[in-house]
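[1] Just a sequence and a predicted model for now, questions to come.
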Amino acid sequence: MNMSVGIDIVRVDRIENILDKKRNLFLSKIFTINEIKYIKEKNNSPQTIAGLFSAKESISKAIGTGIGKVSFKDIEISHDRFGKPIVTINEKVKSFGISKIDLAITHEKEYAVSFAEVEFNSNKNAVNIPEELKGLLTKRNPDSHKGDYGKVLIIGGSRGMTGSITLSSKASMRTGSGLVYTMVPEYLETIMSIKLTEEIVKIAKDNGKGYFIKEALEDILNNAKGKDALAIGPGMGTYKDNIYLLGEIIKNTNVPMVIDADELNALSKDIDMLKNKKNSIVITPHPGEMARLLDKSIKEIESNRIYYAKYISNKYDIVTVLKGNNTIVSYKDQVYINNSGNPGMAKAGSGDVLTGIITSLIGQGLEPFNAAKLAVYIHGLAGDFAKDKKGEYSMVASDIIENIGEAINFLLTNKKFSSKLN
Ligand SMILES: NC(=O)C1=CN([C@@H]2O[C@H](COP(=O)(O)OP(=O)(O)OC[C@H]3O[C@@H](n4cnc5c(N)ncnc54)[C@H](OP(=O)(O)O)[C@@H]3O)[C@@H](O)[C@H]2O)[C@@H](O)CC1
Ligand SMILES: Nc1ncnc2c1ncn2[C@@H]1O[C@H](COP(=O)(O)OP(=O)(O)O)[C@@H](O)[C@H]1O
Ligand SMILES: [Mg+2]
């Protein structure tokens, strides 16, 4: 077993000084809502505040990073009925390979002292599947056929951007969908028929333009009929008819839907169209897209990721996937923070792959919130396996697709493919 300790001492008058000058800012920056409640129960005692502050410092030292890579609010301290401190950490901190944290806090009038002991998993490189995701995927029934694994429709693409829709479609197929239909503007039919093999190409009327126009609506709605899930947006471009099309699709189809990329940009022009939805909607913005949706700066979104993900989920009753390092998935008041993935995924097309995975899992019958959480985890894990083989610099979005199989296999068996050979 691998263990590490951290110790910290804080002068209470230093904390009192900060509290005098900027009490609310300090408390909200350092402590979680539950901790602030506890502090109030303790009559705002500066010794209690100093003790909790010191504890977070000790824990970050024991983890080996200090405060920085781990932030104050990644760590929550509560108390059992005897007053013993209990440490809870989020998925981001767990991803350092931590299995247990013990903590002791003490104070006198003038000083607060804390001591933390962190236990790491014996294999730091071990993949820790989050408990809440275990069991969401089950083995395929030997008697099943392709009709049992969902029919999905992936809508997108425009002249010059056939790559993204290809990646989403292939990712759906690799995630286990029985049938994948890829719908593009008619102009792209030949090129898409060459690029795709297992997927079925469907076309929408485009009057030779090479992008989606209003007149495509009928083709889209006809193709959506009888599907188990659909995705819309990758590679559509920023054409004005996208807004009309999205509004009409939301209003007129009861198929669960994933909205990504350019249809998120369209959505930002009239976000209230979400109120007309007939079934579940998952949105998958990167911080730039989220900033456009909420008319905020990217910096504002990035400094309050959980807040804004929850805000938009609650306001429109949708599942939100706010992408980036430690992607956040939220629905109503529930939040999942992902711990798989790596910066090798910060490349064109990675998000298109995620869209395909989410859509596939919804099509296979998972609840959209579960599908989004599991998809984000599989996507990151496939990215991690791609990194093992190609490295962070060289891996590309197609390599993530190539490793979806290994990621799913790992979820089902807890083994990597290569370990079968050992
Ligand atoms: N092969 C193909 O066919 C491919 C086609 N694709 C298609 O391209 C289309 C445009 O999509 P897109 O996401 O590239 O452009 P867009 O919405 O303008 O976003 C860029 C803006 O957002 C910001 N930003 C982004 N990420 C951020 C982050 N993590 N954190 C913070 N900021 C972040 C970024 O900021 P900046 O670069 O200024 O830092 C910039 O302002 C779409 O149809 C898509 O499907 C792609 O899928 C690739 C493969
Ligand atoms: N540093 C990172 N660590 C982990 N995952 C990342 C990182 N950067 C990007 N990603 C993932 O890559 C994907 C990028 O999505 P997006 O920006 O929509 O790409 P694209 O539109 O080019 O396909 C998201 O799933 C995001 O979480
Ligand atoms: Mg994208």
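    Cool, the structure landed. Residues are numbered from 1 along each chain as shown. Ligands and ions are numbered 1, 2, ... in the order given.

[2] Can you get me a residue count around residue 146?
    10 (other CB atoms under 10 Å). C-beta here means a position set from N, CA and C on the backbone, and glycine is covered the same way.

[3] Find the nearest non-adjacent residue to the residue in the stretch 301-422 of the chain that ligand 1 sits nearest to, please.
    Nearest to ligand 1 in the stretch 301-422 of the chain, going by CB to the nearest ligand atom, is residue 348, at a distance of 3.7 Å. Using CB to CB, 6 or more residues apart in numbering and skipping residues adjacent in sequence, the residue nearest residue 348 is residue 397, 6.9 Å away.

[4] Distance check, the one you found against residue 163.
    Separation of residue 397 from residue 163 (CB to CB, to the nearest Å): 8 Å.

[5] Find the residues that touch each one of those two.
    In terms of CB atoms under 8 Å, 6 or more residues apart in numbering, residue 397 and residue 163 are both contacted by the residues 348, 349, 352.

[6] Considering these, which possesses the most neighbours?
    Most neighbours among the shared contacts of residue 397 and residue 163, by other CB under 10 Å: residue 352, with 30 neighbours.

[7] Please name every helix or strand in contact with the helix or strand where that one lies.
    Assessed by DSSP states H and E, residue 352 sits inside helix 350-363. If you count contacts as 3 or more CB pairs under 8 Å, 6 or more residues apart in numbering; DSSP states H and E, helix 350-363 packs onto strand 151-155, helix 163-174, strand 229-232, strand 257-259, helix 261-269, helix 368-390, helix 397-402.

[8] got the contact list for stretch 5-17?
    For stretch 5-17, the surrounding residues in contact (CB under 8 Å, 6+ apart) are 46-47, 49-51, 53-55, 57-63, 107, 109-118.

[9] The helix holding residue 352 near ligand 1 at all?
    Yes: interface with ligand 1: helix 350-363 contributes 351, 352 (CB under 6 Å from any ligand atom).

[10] repeat for stretch 318-328
    Yes: looking at stretch 318-328 against ligand 1 by CB under 6 Å from any ligand atom, the contacts come from residue 324.

[11] in that stretch, what counts as buried?
    By neighbour count with 16 or more other CB atoms under 10 Å, stretch 318-328 contains the buried residues 318, 319, 320, 321, 322, 323, 324, 326, 327, 328.

[12] what do you get for stretch 211-219?
    Residues of stretch 211-219 classed as buried by neighbour count (16+ other CB under 10 Å): 211, 212, 213, 216, 217, 219.

[13] Please produce JSON lines containing the helices and strands packed on helix 350-363, extended by distance to residue 249 and mean pLDDT.
    Formatted as JSON lines, these follow (distance: least, CB to CB, whole Å; pLDDT from 0 to 100):
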{"stretch": "strand 151-155", "distance to residue 249": "8", "mean pLDDT": "98"}
{"stretch": "helix 163-174", "distance to residue 249": "16", "mean pLDDT": "98"}
{"stretch": "strand 229-232", "distance to residue 249": "7", "mean pLDDT": "98"}
{"stretch": "strand 257-259", "distance to residue 249": "7", "mean pLDDT": "98"}
{"stretch": "helix 261-269", "distance to residue 249": "9", "mean pLDDT": "98"}
{"stretch": "helix 368-390", "distance to residue 249": "16", "mean pLDDT": "98"}
{"stretch": "helix 397-402", "distance to residue 249": "26", "mean pLDDT": "98"}
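
[14] Quick one: the ones you listed as TSV, columns for mean neighbour count and distance to residue 344 too.
    Shown next, in TSV, are the helices and strands packed on helix 350-363 (neighbours: other CB atoms under 10 Å; distance: least, CB to CB, whole Å):
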stretch	mean neighbour count	distance to residue 344
strand 151-155	29	24
helix 163-174	28	16
strand 229-232	30	24
strand 257-259	29	24
helix 261-269	23	21
helix 368-390	24	5
helix 397-402	23	9
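
[15] now those as CSV including distance to ligand 3?
    Formatted as CSV, these follow (distance: least, CB to the ion, whole Å):
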stretch, distance to ligand 3
strand 151-155, 14
helix 163-174, 7
strand 229-232, 12
strand 257-259, 11
helix 261-269, 4
helix 368-390, 12
helix 397-402, 10
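
[16] out of the ones you listed, nearest to residue 197?
    Minimum separation from residue 197 across the helices and strands packed on helix 350-363 (CB to CB) falls at helix 163-174, 9.0 Å.

[17] what angle do the closest one and strand 151-155 make?
    170 degrees (axes from the mean of the first three to the mean of the last three CA atoms, to 10 degrees).

[18] Other residues contacting helix 163-174?
    With contacts defined as CB under 8 Å, 6+ apart, helix 163-174 is touched by 152, 154, 156-157, 180, 182, 184, 192, 195-196, 198-199, 231, 234-235, 260-261, 348-349, 352-357, 359-360, 363, 397-398, 400-402, 404-405.

[19] what's the distance between the very next helix or strand once past it and the middle of its chain?
    Remark: after helix 163-174, the chain's next helix or strand is strand 179-185, criterion DSSP H and E. Mean-position distance between strand 179-185 and its chain equals 25 Å (CA atoms, centre = their mean, to the nearest Å).

[20] cool, stretch 245-252 as well?
    A distance of 25 Å separates the centroid of the chain from that of stretch 245-252, by CA atoms, centre = their mean.

[21] Check the gap between residue 194 and residue 201 for me.
    From residue 194 across to residue 201, the span is 10 Å (CB to CB).

[22] Tell me which of those two has more neighbours.
    Neighbours per residue, other CB under 10 Å: of residue 194 and residue 201, the larger number sits with residue 201, 18 against 10.

[23] Show me what the helix or strand that one falls within packs onto, helices and strands only.
    Residue 201 belongs to strand 200-204 when elements are defined using DSSP H and E. Packing partners of strand 200-204 (3+ CB pairs under 8 Å, 6+ apart): strand 179-185, helix 189-195, helix 217-224.

[24] Tell me which of these approaches residue 94 most closely.
    For residue 94, the closest of the helices and strands packed on strand 200-204 is strand 179-185, at 33.9 Å, according to CB to CB.

[25] Contact partners for residue 209?
    159, 185, 187.

[26] The second one touches residue 202, doesn't it?
    No: in this structure residue 185 lies outside contact range of residue 202 using CB atoms under 8 Å: 10.8 Å.

[27] For these two, work out which one has more neighbours and name it.
    residue 185 (27 against 19).

[28] What distance do you get for that one to residue 106?
    Residue 185 is 68 Å from residue 106, by CB to CB.

[29] Good, we can wrap up now.
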